[in-house]
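Trainee: Based on what follows, work out the 3D shape:
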Amino acid sequence: MAIRKIRENGDEILRKKSREVEVIDDKIRELLEDMLETMHKYNGVGLAAPQVGILRRVIVIDLYDGNEPLKLINPKIIKTKGQQEVEEGCLSFPNQYAKMIRPEEIVAEALNEKGEKIKIKAKGLLAQAICHEVDHLDGILFIDNMLPGTLEFVEPAQE
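Mentor: Numbers count the residues shown, from 1 in each chain. Reported below is the predicted structural model:
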């Protein structure tokens, strides 16, 4: 496992559409593990493969709620319900946050790391995180969806 370099705002790879994963092999499983390790190092809730320079439809999410982190391959949001105003940040935009409207509930389909098709019903923060990471796979950044005038820069806490 390895910490990968997170691509930041201005890196053109963040605007590209990712390709579907055709074969789930050791390389994809290693990517998932590296992404989780990288996300945890930077205290993120989610990370998409383009954020580490890989244009594949792979995301990881961890809400730090005692449940196993999600490792999703070729995720698709198939249903949305309701709306919630949320504050969002992104590891590719360090210390920047904005408000936006996301679905309150979603249903998503994906493959797990064993290649099995799974369905996820998500509410609240998990729904928000899945939407944010799936947007990354399509080259959409959170600043594209923010409510006008809500982007803030927050000084990092001193250690």
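Trainee: From the chain's centre, how far out is the lengthiest helix in the chain? Work that out for me.
Mentor: Across the chain, the longest stretch assigned as helix under DSSP state H is helix 26-41. Taking C-alpha atoms, centre = their mean, to the nearest Å, the mean C-alpha location of helix 26-41 is offset from the chain mean by 13 Å.
Trainee: how about it: buried residues?
Mentor: For helix 26-41, the buried set under the neighbour-count rule, 16 or more other C-beta atoms under 10 Å, comprises 28, 31-32, 34-36, 38-39. Backbone N, C-alpha and C define where each C-beta goes, glycine included.
Trainee: which residues are contacting it?
Mentor: 1-4, 6, 21, 45-47, 49, 52, 54, 56, 58-60, 62, 69, 71, 73, 91, 113 (C-beta atoms under 8 Å, 6 or more residues apart in numbering).
Trainee: What does the pLDDT read for the residue nearest the centre of the chain?
Mentor: The residue lying closest to the centre of the chain (C-alpha atoms, centre = their mean) is Glu133, at 2.6 Å. Per-residue pLDDT puts Glu133 at 98.
Trainee: List the residues that contact it.
Mentor: 46-48, 59-61, 72, 75 are the contacts of Glu133 under C-beta under 8 Å, 6+ apart.
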